[in-house]
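Undergrad: sequence plus predicted model, see below.
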Amino acid sequence: MYAGLRPIVVEGATGLYNTNYEGKAQAAIDALRTDDFVYLHIEASDEAGHEGDVALKVKTIEYLDSRVVKPIFEEVSKWDEPVTIAVLPDHPTPCSIRTHTAAPVPFIIYRPEQQPDAVLIYDEFEAQKGSYGMLQSQQFMQMLLS
Ligand SMILES: [Zn+2]
């Protein structure tokens, strides 16, 4: 809200692993029809990290992939106006220590008109080989919005 973004309430959004993934994805798609920028936050993986539950964390990441990123990507891919999509965590929450760290996070910036780099796996190790290299937060936002 400090950034001037319009809050969107999604019924069933819990901030936990059982959040309404499909509802949040649909709300993002709906907002993208009218708004230039949509920030969609899924807290589930962070909470699983705090619980130290590796299996739950993997499941929440799979849910994020299949129930949020996939439907948004598939929908906006049909649109005439290109939509840039970034996927990233706001910070790591390793299950091993059950709290946040300041370690770098992997990110994807997808642009329909841009050729991808050679990285095919999304994780902390492969992302280091990506064409963007290591970006600080402001550099990331400048790159995303450029
Ligand atoms: Zn947290």
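TA: Happy to help now that I have it. What you see is a predicted model; the values in this text were computed from it and never measured.

Undergrad: nearest residue to the residue nearest the centre of the chain other than its sequence neighbours?
TA: Nearest to the mean C-alpha position of the chain, by CA atoms, centre = their mean, lies residue 87 at 3.3 Å. Leaving out its chain neighbours, the residue that sits closest to residue 87 by CB to CB, 6 or more residues apart in numbering is residue 108, at 4.5 Å. C-beta: built from backbone N, CA, C; applies to glycine.

Undergrad: what's that neighbour in contact with, if anything?
TA: 85-88, 122 (CB atoms under 8 Å, 6 or more residues apart in numbering).

Undergrad: of all those, the one with the weakest confidence?
TA: Minimum pLDDT for the contacts of residue 108 is recorded at residue 122 (92).

Undergrad: now do the helices in the protein.
TA: With helices called from DSSP state H, the chain shows them at 21-32, 44-51, 54-63, 70-76, 137-145.

Undergrad: of those helices, which is nearest residue 118?
TA: helix 137-145 (18.1 Å; CB to CB).

Undergrad: list the contacts for residue 92?
TA: 49, 100-101, 103, 105, 124.

Undergrad: which among those end up buried?
TA: Buried positions within those, assessed by neighbour count (16 or more other CB atoms under 10 Å), are residue 49.

Undergrad: in the contacts of residue 92, find the pair that's most separated.
TA: Pairwise over the contacts of residue 92, using CB to CB, the maximum falls at 100 and 124, 14.7 Å.

Undergrad: doesn't residue 119 make contact with residue 127?
TA: Yes: applying CB atoms under 8 Å as the test, residue 127 and residue 119 come out as touching, 6.7 Å apart.

Undergrad: residue 47 - how many residues pack around it?
TA: 19 (other CB atoms under 10 Å).

Undergrad: contacting residues around it?
TA: Counting by CB under 8 Å, 6+ apart, residue 47 has contacts 15-17, 60.

Undergrad: buried ones from those residues, can you make that a PyMOL selection?
TA: In PyMOL, this line selects whichever of these come out buried by 16+ other CB under 10 Å:
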select buried, resi 17+60
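
Undergrad: residue 40: which of the contacts of residue 47 is nearest?
TA: Using CB to CB, the contacts of residue 47 come closest to residue 40 at residue 15, 13.1 Å.
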